[in-house]
Every structure is written in structure tokens, then in C-alpha cells.
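*Asks:* Sharing a sequence plus its predicted fold:
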Amino acid sequence: MSYPAGDLAVTPSMRGKGIGRALLAEVGRVARERGCGRLEWAVLDWNDPAIRFYESLGAKPLKEWRIYRVEGKALDAFGL
């Protein structure tokens, strides 16, 4: 399985070992250290195991927000 550059992910064979929790805890520690007021990330709406995991950490979905993407030819022409 490959992930886009910039994504943080725990590979399927390593899930369930506390790695994701430790990874997010460290990201949260860095965010607090840098004075960030929040931490946000994206998850696909069909990924129920990930959604349950994030909600078990206290994360809440932002239903009023939508994520947009520009890529390929649209990115090449973006802002022209």
C-alpha cells in the first residue's frame, strides 16, 4: 500500500499496537509546544475503523467543512 507524500499512516500490519496513538500524541505534543490552538486532519467518510479510533481519542468531526483539492491540469492552470 502506498500513501501520498506528506501523509502520516500506520501500515495495516502494525495497527493495533499503540503506534497510531503514540504518533498522534507526539504530533499533539509538538502542536502544544508550538502554541497551536488546534490539530486537524482528514479521514475518508467510509473508513469506520479510523473514525472510531479518532473519536476514541476525543476528536470530533467537523461536519460543516468540506475538503477541496486541485491537482493535475487544474493545478497547472490554478491562479492563471
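*Replies:* Done, it's in. Residues are numbered from 1 along each chain as shown.
*Asks:* Most distant residue from the centre of this structure?
*Replies:* Distance from the C-alpha centroid of the chain peaks at Leu80, with 29.8 Å (C-alpha atoms, centre = their mean).
*Asks:* quick one: contacts for that one?
*Replies:* By C-beta atoms under 8 Å, 6 or more residues apart in numbering, the contact set of Leu80 is empty. For every residue, glycine as well, the C-beta is placed using N, CA and C.
*Asks:* so what's it scoring on pLDDT?
*Replies:* Leu80 is assigned 74 on the pLDDT scale.
*Asks:* repeat for Asp7
*Replies:* Asp7 is given a pLDDT of 83.
*Asks:* Next: Leu24.
*Replies:* Leu24 is assigned 94 on the pLDDT scale.
*Asks:* from memory it sits against Leu57, does it?
*Replies:* Yes - with contacts counted by C-beta atoms under 8 Å, Leu24 reaches Leu57, the gap being 6.4 Å.
*Asks:* quick one, which of those two is more surrounded?
*Replies:* Leu24 (18 against 11; other C-beta atoms under 10 Å).
*Asks:* Check the spacing between the more buried one and Ala59 real quick.
*Replies:* Per C-beta to C-beta, to the nearest Å, Leu24 is found 9 Å from Ala59.
*Asks:* Repeat that for Gly28.
*Replies:* Distance, Gly28 to Ala59, by C-beta to C-beta: 11 Å.
*Asks:* Identify the contacts common to those two.
*Replies:* By C-beta under 8 Å, 6+ apart, no residue touches both Gly28 and Ala59.
*Asks:* Report the distance from the longest helix seen in the chain to the chain centre.
*Replies:* Using DSSP state H, we find that the single longest helix of the chain is helix 19-33. Distance, stretch centre to chain centre, for helix 19-33: 12 Å (C-alpha atoms, centre = their mean, to the nearest Å).
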